[in-house]
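Asker: The sequence and its predicted three-dimensional model are supplied below.
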Amino acid sequence: MGHSHDHGNGHHHHTNNKKALFISFLFIFTFMIVEMIGGFLTNSLALLSDAGHMFNDAFALGLSLFAFKLSERTANGQKTFGYKRFEILAAFINGVTLIAISLYIFWEAYHRFLEPPEVSGTMLWIAVVGFVVNIIVALILMYSGDTEGNLNMRSALLHVFGDLLGSVGAIGAGILILLFEWNIADPVASIIVALLILISGYRVTKDSIHILMEGTPANLSFEAMENRLVQLDGVISIHDLHAWTITSNFPAFSCHMVVEENIDRDFILKQAAKVLHDEFSIHHTTIQVEGLHADIKNHEDCCN
């Protein structure tokens, strides 16, 4: 039996992610209050829907930050992998709330199409400030956090991008209302933004469910890993191969490897671990080595 792992490479990203989330939370929460007040005063659904999304963003960023803090807790007898997977649960919750927000905006916009309300042109200036705030927060998350490799961070960034699109929609609606008094532009902008938010929410939810169901990581090929290991000298076959993700940037791998009888099993294990590390970026591996006769017996047991 062979087992290897390496988790030190994620510590730097982990610290940066926490800092980026905390600063972003302060920006979003502060402007959420401003935009909510502005939405009520100007009677703008585009602003109110964006403020509602910002409220959810503040919650999402706070939840993501809490997930990182919780994941720092050490493993124990009940949680042998620690609390790292809570980051994926946070991403799942964020994805579901994105979908819920988009559906609510659709519902509100439908009613506003039936009875277009009077909307104040002041919404334009509030939306412009919101646009600037969202750009600042997006840049903080993109350049200070690991939004490429960490699903939790990516879900938080998608929330902010949704806000950014909401601000763009509100600005466009504000210009049309200010110049042409087209109040119908307010619910139209809201529907466009809601559609984009819905797409983002679906993607995050789908990715997090795939991880929670212990699906094979998207960047790994099940067949490629099996074929590569079988090419090692002395390896006859591979079975019971599993590849899954514990949390973002933490793929895991296990398999049973059938080898020739008179082979150096320790050397085979080191070779296999090196191949998985160097060619597939898998740092947590568990490999059980079996002789040919053991494989035949296992095959007969399965048939029986």
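Answerer: That came through fine.
Asker: Now do the lengthiest helix in the chain: which elements does it pack against?
Answerer: Longest helix in the chain, counting residues (DSSP state H): helix 11-42. Where contact means 3 or more Cβ pairs under 8 Å, 6 or more residues apart in numbering; DSSP states H and E, helix 11-42 is packed against helix 45-71, helix 123-144, helix 151-180. C-beta coordinates here come from the backbone N, C-alpha and C atoms, glycine included.
Asker: Compare those and say which comes out lowest on pLDDT.
Answerer: With a mean of 73, helix 45-71 has the lowest mean pLDDT of the helices and strands packed on helix 11-42.
Asker: Residue 103 is in what secondary structure piece?
Answerer: helix 86-114 (DSSP states H and E).
Asker: same check, this time on residue 253
Answerer: strand 250-259.
Asker: got it, and residue 209?
Answerer: Secondary structure (DSSP H and E) places residue 209 in helix 185-212.
Asker: Buried ones in that helix, by neighbour count?
Answerer: 185-194, 196-198, 200-201, 204-205, 207-208, 210-211 (16 or more other Cβ atoms under 10 Å).
Asker: Which elements pack onto the helix holding residue 103?
Answerer: Using 3+ Cβ pairs under 8 Å, 6+ apart, helix 86-114 sits against helix 45-71, helix 151-180, helix 185-212, strand 235-247.
Asker: from what I can see residue 276 touches residue 225, true?
Answerer: Yes - counting by Cβ atoms under 8 Å, residue 276 does reach residue 225; the two are 7.3 Å apart.
Asker: if we can go back for a sec, how about the helices and strands packed on helix 86-114, which one is nearest residue 107?
Answerer: Closest approach to residue 107 among these is made by helix 185-212 (9.5 Å; Cβ to Cβ).
Asker: Which secondary structure elements does that closest one sit against?
Answerer: helix 45-71, helix 86-114, helix 151-180, strand 235-247.
Asker: Adding mean neighbour count and distance to residue 291, write the ones you listed out as a markdown table.
Answerer: Conversion of the helices and strands packed on helix 185-212 to a markdown table gives the following (neighbours: other Cβ atoms under 10 Å; distance: least, Cβ to Cβ, whole Å):
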| stretch | mean neighbour count | distance to residue 291 |
| --- | --- | --- |
| helix 45-71 | 24 | 40 |
| helix 86-114 | 19 | 38 |
| helix 151-180 | 24 | 40 |
| strand 235-247 | 17 | 9 |
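Asker: Mind putting those into a markdown table with distance to residue 280?
Answerer: Putting the helices and strands packed on helix 185-212 into a markdown table (distance: least, Cβ to Cβ, whole Å) gives the following:
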| stretch | distance to residue 280 |
| --- | --- |
| helix 45-71 | 24 |
| helix 86-114 | 21 |
| helix 151-180 | 19 |
| strand 235-247 | 8 |
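Asker: before we move on, back to that, which residues are in contact with each of residue 276 and residue 225?
Answerer: Listed as contacting both residue 276 and residue 225 by Cβ atoms under 8 Å, 6 or more residues apart in numbering are residue 253.
Asker: Any chance of CSV for the helices and strands packed on helix 11-42, columns distance to residue 215?
Answerer: Shown next, in CSV, are those (distance: least, Cβ to Cβ, whole Å):
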stretch, distance to residue 215
helix 45-71, 20
helix 123-144, 26
helix 151-180, 13
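Asker: on that earlier part again, the helix holding residue 103 to helix 185-212, inter-axis angle?
Answerer: Interaxial angle, helix 86-114 versus helix 185-212 (axes from the mean of the first three to the mean of the last three Cα atoms, to 10 degrees): 160 degrees.
Asker: can you give me the offset of helix 86-114 from its chain's centre?
Answerer: Offset of helix 86-114 from its chain centre (Cα atoms, centre = their mean, to the nearest Å): 16 Å.
Asker: Just the terminal-to-terminal distance for stretch 112-124.
Answerer: 19 Å (Cα to Cα, to the nearest Å).
Asker: Could you shift the numbering so residue one becomes 5, and keep it that way?
Answerer: Renumbered: residue one is now 5, and that last one reads stretch 116-128.
Asker: Pull the contacting residues for residue 222.
Answerer: Residue 222 touches residue 214, counting by Cβ under 8 Å, 6+ apart.
Asker: Alright, calling it a day.
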